[in-house]
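*Asks:* would you be able to build a 3D model of this:
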Amino acid sequence: MVALGLSGHGHPAHRAGLQPAGRIPARHSGPEAETVITVRPAREQDSRLLEAVWHASFMASYATFMPESYVRGVLESDVIGKLARKKWDECFIAEVDGQPGAVMQLTDNYVAELWTHPDHQKKGAASALLDHAEKMAAQRGFDTLTLCTYGRNTQAREFYRKRGFAVHRTEASDRVPDDIVCHKVKRLAG
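*Replies:* Numbering: from 1, shown residues only. Okay, the predicted model is just below:
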């Protein structure tokens, strides 16, 4: 993967006066190892980077519990690529030591997408993006942050629980047989 520059002045969030997060130091395993995580707005030229992180994360997570026909359909229809190309202006990237580690799409106060590259899981990238989402939602006047997870996505459910999200409601999944979609909410301080 390519390390990218950090300016985000053309991003709609920046134009609206919302400030992206700066450097966020985080510790990870290893003797005295320190990881630097930088959250920045995505730029239009980042669409391939967004797609690469989404794709790697999708294959390492959703592809393990989604029906094969659904996974094949996502890959054949280029849904991930289309989303990256059309919604880049709602996206943020967490770089781990200069490498893209996780990406997030934030629409108002709804985390529509949060994908962590398998090589960067448990290094703080997703947490840095959620911290940023909380700040952005509060700056936009919201008192909650919302998102959805599949019931079978136990790793994500546990991550969000530890981050203070509670299940607001559930519904049957229309994509995964015998699974549910958990709608989660977190009250923001302030």
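
*Asks:* which residue lies nearest the spatial centre of the chain?
*Replies:* The centroid of the chain falls nearest to Leu114 when counting by C-alpha atoms, centre = their mean (1.9 Å).

*Asks:* how far is the helix or strand harbouring it from where the chain is centred?
*Replies:* Element membership of Leu114 [criterion: DSSP states H and E] is strand 110-116. Strand 110-116 sits 3 Å away from the centroid of its parent chain (C-alpha atoms, centre = their mean, to the nearest Å).

*Asks:* how about stretch 80-97?
*Replies:* Distance of stretch 80-97 from its chain centroid, counting by C-alpha atoms, centre = their mean, is 9 Å.

*Asks:* one more: stretch 78-98?
*Replies:* Averaging C-alpha positions (C-alpha atoms, centre = their mean) puts stretch 78-98 9 Å from its chain's average.

*Asks:* can I get that stretch in PDB, CA atoms only?
*Replies:* Below are the C-alpha coordinates for stretch 78-98, written out as PDB (Å, rounded to 0.1, in the frame of the first residue of the first chain):
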ATOM      1  CA  ASP A  78     -18.300  -4.000  -7.900                       C
ATOM      2  CA  VAL A  79     -20.500  -2.600  -5.100                       C
ATOM      3  CA  ILE A  80     -17.400  -1.900  -2.900                       C
ATOM      4  CA  GLY A  81     -15.700   0.000  -5.700                       C
ATOM      5  CA  LYS A  82     -18.800   2.000  -6.600                       C
ATOM      6  CA  LEU A  83     -19.300   3.000  -3.000                       C
ATOM      7  CA  ALA A  84     -15.700   4.100  -2.700                       C
ATOM      8  CA  ARG A  85     -15.900   6.100  -5.900                       C
ATOM      9  CA  LYS A  86     -19.300   7.700  -5.100                       C
ATOM     10  CA  LYS A  87     -19.000   8.300  -1.300                       C
ATOM     11  CA  TRP A  88     -15.300   9.200  -0.900                       C
ATOM     12  CA  ASP A  89     -16.400  12.700   0.300                       C
ATOM     13  CA  GLU A  90     -18.100  11.100   3.400                       C
ATOM     14  CA  CYS A  91     -15.000   9.000   4.200                       C
ATOM     15  CA  PHE A  92     -12.100   9.200   6.600                       C
ATOM     16  CA  ILE A  93      -8.900   7.200   6.600                       C
ATOM     17  CA  ALA A  94      -6.900   6.100   9.700                       C
ATOM     18  CA  GLU A  95      -3.300   5.600   8.700                       C
ATOM     19  CA  VAL A  96      -1.200   3.300  10.900                       C
ATOM     20  CA  ASP A  97       2.400   4.500  10.700                       C
ATOM     21  CA  GLY A  98       1.700   6.000   7.400                       C
END
